[in-house]
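Enquirer: my questions are about this predicted structure, shown below with the sequence.
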Amino acid sequence: MLRRATLLELDETIEHIDTRQGMLALKIVQETGGLPLALDQAGAYIEETSCSLQDYLSLYQTRQSELLKRRGKNVLDHPDPVTTTWSLSIEKVQHTNPKALEILHLCAFLEPDAIPLPILSKGARQLGPDLEQLGQDPIALNDALAELRNYSLIQRNPNQTLTIHRLVQAVLLMEMEPETQRLWAERAIRAFNRIIPRINYANWPRCFALLPHAKSCARLIERWKLEFSGAATLLNWLGRFLAEQATYAEAETYLQKALELRKHMLGPRHRSTVSSINNLARLYHRQGKYTQAEPLYQSALEISEQTAHHNAHNITNSLLNLARLYSDQGKYTQAEPLYQQALTINEQTFSPEHTENAIILNHLSRLYRYQGDYTAAASYSQRALALCEQILGPDDPDTAQSLNYLARIYHNQKNYAQAEPLYLRALAILEKKLEPNNPLIAISLNYLAEFYSDQAQYERAEPLAIRALAIREAISHNHPDTALSLDNLAGIYHQQGKDDLAEPMFQRALAICEQVLGPNHPITARRLTSIAQLYRDQKKYQQAEQLYQRALTINEQIQGADHPNVAMNLSYLALLYHDMGRYQETEQYFQCSFEICSHLGVNHPAAAIIKESYHNLKALTTKQQ
């Protein structure tokens with residue numbers, strides 16, 4: 001393109017122009033999809049008008065259709081411009097196989113690469129009468145695709161996807177009237193909704209593959225101001241999946257738009273509107289924005305209870321969401337009755353033997369485990385496990401989840417003999433039933449790594465933690481779950497005295513959380529505490545103090561002054577001040593943490609850890625004296 005524009009001599013290489021010009025030229029190549037004819041046209045235009053690369057790029061982005069129709073002078077080998085060349089091919093297809101042209105129309109409204117072929121069969125009924133017939137007849141569909149391939153208008157890939165050149169898309173759009181474009185935009189969205197999978201770990205690879213097309217559909221909704229239920233469905237799915245990937249700002253935009261659409265079309269009390277309210281609240285909850293999440297959860301619950309005859313599932317869902325929020329804030333007495341109410345409604349609406357009951361039972365089990373009531377926690381967890389084994393079978397991934405929950409209870413009690421076989425059985429089920437890179441396997445590996453690490457069996461813990469981290473990084477290098485795996489592995493290295501390996505991992509885990517969750521998130525506070533522990537052990541007291549204080553401030557502001565994490569932060573600082581010889585502050589900070597513990601209850605794990613630390617410190621001091 002540069003040579004055609006006479007900006008580069010025939011015997012010169014790309015290195016002969018400055019870096020900025022090279023980047024602009026590359027951008028033009030990308031915008032035109034690298035099509036030789038389009039690049040020749042671009043070079044000819046730049047040569048004839050003496051415009052700059054930047055000027056041409058700006059023109060192409062704003063007046064693409066006009067530029068694609070120009071060919072330039074002194075051309076003998078291929079005198080027709082891009083538009084004419086593609087239009088001739090499209091016209092021939094229209095005469096030989098008109099239904100094949102409809103496939104092109106659909107492809108013009110999705111991303112050009114990896115267009116999922118199942119959209120033509122599963123979404124056939126949404127694509128007009130011609131494609132509805134074509135989608136139901138595999139032979140006719142193959143014939144139509146072959147016709148398009150004959151004219152190089154599409155490429156059919158081995159992985160059941162199609163590729164269309166972006167300039168073919170441009171020519172197709174040029175030749176459509178605005179109303180026709182609007183019609184196909186709506187059809188594309190309706191058909192796309194037929195192939196979006198449920199958002200769970202098992203479906204993440206499919207969700208990632210569809211993400212570019214979902215964003216393309218979202219742009220169509222925005223451009224054409226589309227208002228129909230399918231538009232809200234698409235935006236809601238997109239927002240929820242991006243929230244799972246911790247892309248929170250982008251997720252919030254889509255979830256808010258979905259909520260606005262549903263309120264406008266369906267009314268503020270429709271069950272789909274309630275679902276959108278809950279989804280937006282969960283997004284705020286994930287980010288530690290509890291004051292924004294709580295009124296939304298409460299609103300969803302209030303609407304659900306007032307329209308109870310429509311959908312009991314919305315009531316239990318809203319109850320669970322609000323209960324989880326209170327649990328995460330350490331408000332256990334507020335969370336427990338909500339969990340119990342959800343369980344009662346579920347058992348009465350369906351039956352005591354229903355898989356959703358197992359989910360609620362596991363939530364209750366975790367709530368009691370957080371409070372140190374291991375008897376109640378084990379009881380609920382065992383009930384959940386029995387339900388899963390009875391209804392889903394002993395080798396179902398949900399059964400594995402229940403096994404892990406029960407193992408965590410025994411683990412917390414240091415009942416290692418009962419915990420280990422449960423952890424191992426859960427991991428074996430997941431490895432048998434799921435793909436090797438499934439995040440559920442990473443969770444199970446981390447549990448087992450932590451289990452062996454707590455017993456100083458580092459040679460068994462380390463490879464498990466490394467595997468977990470590899471799975472997480474294969475999905476995303478900048479996700480809070482990746483940060484957790486980094487933190488776990490770094491902790492194992494630190495316990496072995498391998499601080500040269502541990503410190504950069506701790507730092508990277510913190511950087512991810514600060515970037516994705518923000519500097520004032522409770523999970524960020526945990527990562528700060530991990531590095532502070534490392535620095536304290538290295539006697540880098542000033543660095544440790546700054547990090548501990550930062551973590552304390554975050555937890556006090558976000559979770560409240562009486563949260564168990566605040567009590568733990570205070571005890572960490574107390575131990576640090578003892579190491580520094582600041583004994584008055586040691587006693588002061590321990591007393592503050594004890595005051596919080598008095599509200600938590602004698603069996604709370606945080607209270608037990610803090611009291612044990614204090615008594616060990618007193619015993620050590622007495623011995624030294």
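Expert: Good, I have the coordinates. Being a predicted model, the structure only gives us computed values, none of them experimental.
Enquirer: helices of the stretch 51-200 of the chain, residue ranges please.
Expert: Per DSSP state H, counting those that start in this stretch, the stretch 51-200 of the chain carries helices over the ranges 53-62, 64-68, 82-96, 98-107, 119-122, 128-135, 138-150, 166-174, 178-193.
Enquirer: let's have those helices in CSV, adding mean neighbour count, distance to Arg460 and mean pLDDT.
Expert: The C-beta positions use only the backbone N, C-alpha and C, and glycine is treated the same way. Rendered in CSV, the data for these read as follows (neighbours: other Cβ atoms under 10 Å; distance: least, Cβ to Cβ, whole Å; pLDDT from 0 to 100):
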stretch, mean neighbour count, distance to Arg460, mean pLDDT
helix 53-62, 16, 57, 82
helix 64-68, 17, 60, 67
helix 82-96, 17, 61, 78
helix 98-107, 21, 52, 95
helix 119-122, 21, 46, 96
helix 128-135, 18, 53, 94
helix 138-150, 16, 52, 94
helix 166-174, 20, 52, 86
helix 178-193, 19, 46, 97
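Enquirer: dump the residue contacts of Asn150.
Expert: With contact taken as Cβ atoms under 8 Å, 6 or more residues apart in numbering, Asn150 is in contact with no other residue.
Enquirer: still on that earlier bit, export the helices of the stretch 51-200 of the chain as TSV, with columns for distance to Arg527.
Expert: Below are those laid out as TSV (distance: least, Cβ to Cβ, whole Å):
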stretch	distance to Arg527
helix 53-62	41
helix 64-68	46
helix 82-96	52
helix 98-107	44
helix 119-122	41
helix 128-135	50
helix 138-150	50
helix 166-174	42
helix 178-193	38
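Enquirer: could you pull out the helices for the stretch 301-450 of the chain?
Expert: If you assign secondary structure with DSSP H, counting those that start in this stretch, the helices in the stretch 301-450 of the chain sit at 312-328, 332-349, 355-370, 374-391, 397-412, 416-433, 439-454.
Enquirer: in which helix or strand would I find His213?
Expert: Assigned by DSSP states H and E, His213 belongs to helix 204-224.
Enquirer: report the angle between the axes of that helix and helix 439-454?
Expert: 130 degrees (axes from the mean of the first three to the mean of the last three Cα atoms, to 10 degrees).
Enquirer: what's the following helix or strand after helix 204-224?
Expert: Elements were assigned by DSSP H and E; along the chain past helix 204-224, the next helix or strand is helix 229-244.
Enquirer: got the contact list for that next one?
Expert: Counting contacts by Cβ under 8 Å, 6+ apart, the residues touching helix 229-244 from outside are 186, 189-190, 192-193, 196, 199, 204, 207, 211, 214-215, 217-218, 221, 248, 250-255, 257-258, 261-262, 265-266, 272, 275-276, 279, 282-283, 286.
Enquirer: check which residues of that helix are buried.
Expert: 230-244 (16 or more other Cβ atoms under 10 Å).
Enquirer: what's around Gln591, how many residues?
Expert: Close neighbours of Gln591, defined as other Cβ atoms under 10 Å, add up to 12.
Enquirer: would you say it is within a strand?
Expert: No: according to DSSP: H, G, I helix; E, B strand; the rest coil, the state of Gln591 is helix, so it is not within a strand.
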